[in-house]
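Undergrad: take a look and give me a structure for this.
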Amino acid sequence: MKGKRVFVTGAAGVIGRELVPRLAAAGADVWAGDLKSCPTEFPDGIRYREGDLNDLSLTELNDFGPHIIIHLAATFERSVETPGFWHENFRHNVQLSHHLMTLAQDCPVLERVVFASSYLIYDQALYQFDAPREVAVRLKEGAPIQPRNLVGSAKLSHEIELAFLAGLQSCRFSTLCVRIFRGYGRNSRDVISRWVRALLKGEAITVYRPEGLFDYVYAADSAEGLMRLAVATGATGIVNLGTGRSRRVGDVVEILRSHFPDAAIRTETADIPFEASEADTTKLRELVDWVPAYDLERAIAEIVNFERQRSAIPAAVAARPPLVVLVSSAARKVPLVRAMQAAARRVDPGARVIAGDVDPHAPSRHVADAFWQMQRLEETTAEALRGECAARGIRAILPTRDGELAFWAQAKAELAKAGIAVLVSEPAAVARCLDKLAFAEWGAAKGLPVIPAASDPDGLGAERLVVKERFGAGSRGLGLDLSPQAARAHAAGLSEPIFQPFVEGREISIDAFLTTSGAVHGLVLRRRDRVVAGESQITTTFRDDRLEAQAAEILGALGLFGPVVMQAMVTGTGLAVIEVNARFGGASTASLSAGLDSLLWSLLQAVEPDRKLPPFARVPGEIRQIRVPQDIVLHDPDL
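TA: Below you'll find the predicted structure:
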């Protein structure tokens, strides 16, 4: 592995946490990616990409230039998959695997892809029975296949895709599918870890089918096996990864009883088959002259010790209710709702996002976890909203419309009494940004490069002018590059017009996140390639150290908090600021993909104010975002 560049997907999962440190210790240059935050135990020097790898670009991949990809990323449910798992399985198992291999084909230095598959691919009729078995069925790589659930189906689909690629003359890399048997490990949701956590709390556990026989393979062994197979010359196609020694569920129970002598363990009948399976490890031995070393006794002792240490979390933290986030004025902001769902579930896997809007037919209701038809804010009070939010379990609110920011900023203190955090700046800072005339006057007083504004054009001394409304969206009623006479005529049709000198240059957006102290935690510059109704329909990120430093200085003086977006012109001397919106912008999702994790950081500061935020890790290369309508098709017999 020494000197190899290895990209590991699903790196924060139970196997990835074991694999990444091993790769680093073996001398590999590791780039790790996962939806979840970087595990604290990862060694220094590991490059980490936090976020959905469905958004990974070819530029990012080629900037790292992996020699080996070890694809672990996947989502699982417990024994029975629920209807809600339908879309999750497709996005994170089927779509992600296909996307990664689409990129891999254009990665010129890639030598090898190792895919973590599953024994769930094998026909369950081979190893599930109506009565207990004395001996497990040994499954060979060539055994009949018939996936028993959605995960197994997704794994088989990608195995077929990899076989297809391997058969192409144009394919430069080799592929290996590793069918992992009954995995378990530290920091896992598997049944062994769940039982250990319950027993540590003094809770009873219920056991079904103790006669069942499984090939339990510990995550540390799975990681070791994957690493060895990744560099095994000639290892292609399919290989089983298991111990080759099945153990009964009853053995697990007795080992747990040895650690918890007073455990309350109930055995109940169930209408499920008896499993009796184990891996044929002949091919594994031939390829790497190795088989897993851990037995249940040694591995469970490690898990018990790990969970004992982890159970020292303060009770106040452990007892927190599930995270529920309200996105207000959600309207058609489907990408924002989805981005908030992804961010919230990284804070709390059980998090829910409610779309709130006065329109009962708001399109966002069809993608959110719940919908709240809200009253108009002018018809309600902060006290009434506090009760409504508390009844829905809401713990954080993200306002999304300029017209509501002042209300939420004023209501922030009242809602905080119920433990509800509003992700908005203080009233004075919000008011300054909403009033374009006040903002320009503030900028002049601070000596900042804010474009001047006046209620009368005569004082500006400019030959060409811009006319706009003093309050509201900057594009509303905009008159651009007008003579003074034409500007006055245009202003007659506005409610409260202001005038600004017309500035030649290229307009850009700057997305940023500011901490509760007002410090800039990160920012991303974006070109506005195509603008429709004041919003970037096509936008491209770019880097410029001078402009970034200037933007950080301006934003740091504003006293804002959370996601903000600044509009500015780029001139020969740098930035000329048009306005700052104290909220998440319409096209700010582009900057999320560039590594500006402003929604996650907002939630972390809301629910754990004392927690140190993860650093801003801008992704390599640049991204372009094209905002286009997307159909959502609902299949519902009640329609």
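Undergrad: what does the average pLDDT come to for the helix or strand containing Trp408?
TA: According to DSSP states H and E, Trp408 maps onto helix 402-416. For helix 402-416, mean pLDDT rounds to 94.
Undergrad: stretch 626-639 too?
TA: 73.
Undergrad: residue ranges in the stretch 201-350 of the chain under the pLDDT threshold?
TA: Applying pLDDT under 70 to the stretch 201-350 of the chain picks out residues 311-320.
Undergrad: now the strands for it?
TA: 205-208, 213-214, 216-218, 237-241, 247-248, 265-268, 274-275, 277-279, 324-327 (DSSP state E, counting those that start in this stretch).
Undergrad: other SSEs contacting the fourth one?
TA: So that's strand 237-241. Packing contacts for strand 237-241, counted by 3 or more Cβ pairs under 8 Å, 6 or more residues apart in numbering; DSSP states H and E, involve strand 174-180, helix 219-230, helix 282-288. Every C-beta, even on glycine, is put in place using the N, C-alpha and C of the backbone.
Undergrad: pull the residues that contact the helix holding Trp408.
TA: Residues outside helix 402-416 that contact it (Cβ atoms under 8 Å, 6 or more residues apart in numbering): 328-329, 377, 382-383, 385-386, 389, 397, 399, 421-422, 424-427, 430-431, 434, 472-473, 581-583.
Undergrad: which residue ranges of the stretch 351-500 of the chain form strands?
TA: Taking DSSP E, counting those that start in this stretch to define them, one finds strands in the stretch 351-500 of the chain at 352-357, 370-373, 396-398, 421-422, 465-469, 479-482, 497-501.
Undergrad: to Gln605, which of these lies closest?
TA: Nearest to Gln605, of all the strands of the stretch 351-500 of the chain, is strand 421-422, at 8.0 Å by Cβ to Cβ.
Undergrad: can you map out the strands along the stretch 1-150 of the chain?
TA: Secondary structure of the stretch 1-150 of the chain (DSSP E, counting those that start in this stretch): strands at 5-9, 29-34, 47-50, 68-71, 112-118, 128-129, 137-139.
Undergrad: now tabulate these in CSV and tack on mean neighbour count.
TA: Formatted as CSV, the strands of the stretch 1-150 of the chain follow (neighbours: other Cβ atoms under 10 Å):
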stretch, mean neighbour count
strand 5-9, 25
strand 29-34, 25
strand 47-50, 19
strand 68-71, 26
strand 112-118, 24
strand 128-129, 16
strand 137-139, 20
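Undergrad: how about those in TSV, adding mean pLDDT and distance to Gly574?
TA: Below are those laid out as TSV (pLDDT from 0 to 100; distance: least, Cβ to Cβ, whole Å):
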stretch	mean pLDDT	distance to Gly574
strand 5-9	97	38
strand 29-34	94	34
strand 47-50	90	31
strand 68-71	97	42
strand 112-118	96	46
strand 128-129	96	69
strand 137-139	97	66
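Undergrad: thinking again about what came up before, to Val20, which of the helices and strands packed on strand 237-241 lies closest?
TA: Evaluated over these, closeness to Val20 peaks at helix 219-230, with 8.5 Å, by Cβ to Cβ.
Undergrad: next, the angle strand 5-9 makes with the closest one.
TA: On the basis of axes from the mean of the first three to the mean of the last three Cα atoms, to 10 degrees, helix 219-230 is oriented at 140 degrees to strand 5-9.
Undergrad: ok so, going back, which one of the strands of the stretch 351-500 of the chain lies nearest to Phe181?
TA: Nearest of the strands of the stretch 351-500 of the chain (Cβ to Cβ): strand 352-357, 34.1 Å.
Undergrad: how about the closest one, which residues are buried there?
TA: 352-357 (16 or more other Cβ atoms under 10 Å).
Undergrad: run the chain-centre distance for it.
TA: In terms of Cα atoms, centre = their mean, to the nearest Å, the gap separating the centre of strand 352-357 from the centre of its chain is 18 Å.
Undergrad: pLDDT (mean, whole number) over it?
TA: Average pLDDT, strand 352-357: 95.
Undergrad: stretch 97-105 now?
TA: Stretch 97-105 carries an average pLDDT of 95.
Undergrad: would you list the strands of the stretch 201-350 of the chain in a markdown table and tack on mean neighbour count?
TA: Converted to a markdown table, the strands of the stretch 201-350 of the chain look like this (neighbours: other Cβ under 10 Å):
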| stretch | mean neighbour count |
| --- | --- |
| strand 205-208 | 16 |
| strand 213-214 | 24 |
| strand 216-218 | 27 |
| strand 237-241 | 22 |
| strand 247-248 | 19 |
| strand 265-268 | 12 |
| strand 274-275 | 19 |
| strand 277-279 | 26 |
| strand 324-327 | 27 |
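Undergrad: any chance of TSV for the ones you listed, columns distance to Arg298?
TA: Shown next, in TSV, are these (distance: least, Cβ to Cβ, whole Å):
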stretch	distance to Arg298
strand 205-208	21
strand 213-214	17
strand 216-218	8
strand 237-241	18
strand 247-248	13
strand 265-268	21
strand 274-275	23
strand 277-279	18
strand 324-327	41
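Undergrad: check contacts around Gly212.
TA: Contact partners of Gly212, counting by Cβ under 8 Å, 6+ apart, are 132, 248-249, 274-276.
Undergrad: quick one: those residues as JSON lines, columns for distance to Gly572 too.
TA: Shown next, in JSON lines, are the contacts of Gly212 (distance: Cβ to Cβ, whole Å):
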{"residue": "Pro132", "distance to Gly572": "82"}
{"residue": "Arg248", "distance to Gly572": "77"}
{"residue": "Val249", "distance to Gly572": "73"}
{"residue": "Phe274", "distance to Gly572": "78"}
{"residue": "Glu275", "distance to Gly572": "72"}
{"residue": "Ala276", "distance to Gly572": "77"}
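Undergrad: of those residues, closest to Cys38?
TA: For the contacts of Gly212, the closest approach to Cys38 (Cβ to Cβ) belongs to Val249, at 34.7 Å.
Undergrad: any idea how far the closest one is from Asp215?
TA: From Val249 over to Asp215 the distance is 12 Å, taken as Cβ to Cβ, to the nearest Å.
Undergrad: so in the protein, which helix runs the longest?
TA: Criterion DSSP state H: the longest helix present in the chain is helix 150-166.
Undergrad: now do the buried residues in it.
TA: The neighbour-count check on helix 150-166 (16+ other Cβ under 10 Å) flags 150-159, 161-162, 165 as buried.
Undergrad: what's across from Arg528 in the sheet?
TA: Arg528 has these beta-bridge partners by DSSP bridges: Thr539.
Undergrad: how about it, what does it touch?
TA: Contact partners of Arg528, counting by Cβ under 8 Å, 6+ apart, are 507-509, 536, 539.
Undergrad: gap between it and Arg228?
TA: Distance, Arg528 to Arg228, by Cβ to Cβ: 50 Å.
Undergrad: pLDDT weak spots in the stretch 451-600 of the chain?
TA: In the stretch 451-600 of the chain, residues with pLDDT under 70: 474-475.
Undergrad: give the burial count for Ala143, as a bare number.
TA: By other Cβ atoms under 10 Å, 16 other residues sit near Ala143.
Undergrad: and Leu241, how far from Glu81?
TA: From Leu241 over to Glu81 the distance is 23 Å, taken as Cβ to Cβ.
Undergrad: now swap in Ala344 and tell me
TA: The spacing between Ala344 and Glu81, counted by Cβ to Cβ, is 22 Å.
Undergrad: how close does the residue sitting furthest away from the middle of the chain get to Lys36?
TA: Distance to the chain centre peaks in the chain at Gln485, reaching 51.8 Å (criterion: Cα atoms, centre = their mean). Gln485 sits 60 Å away from Lys36, going by Cβ to Cβ.
Undergrad: state whether Glu579 is indeed within a strand.
TA: Yes - counting by DSSP: H, G, I helix; E, B strand; the rest coil, Glu579 is found in a strand.
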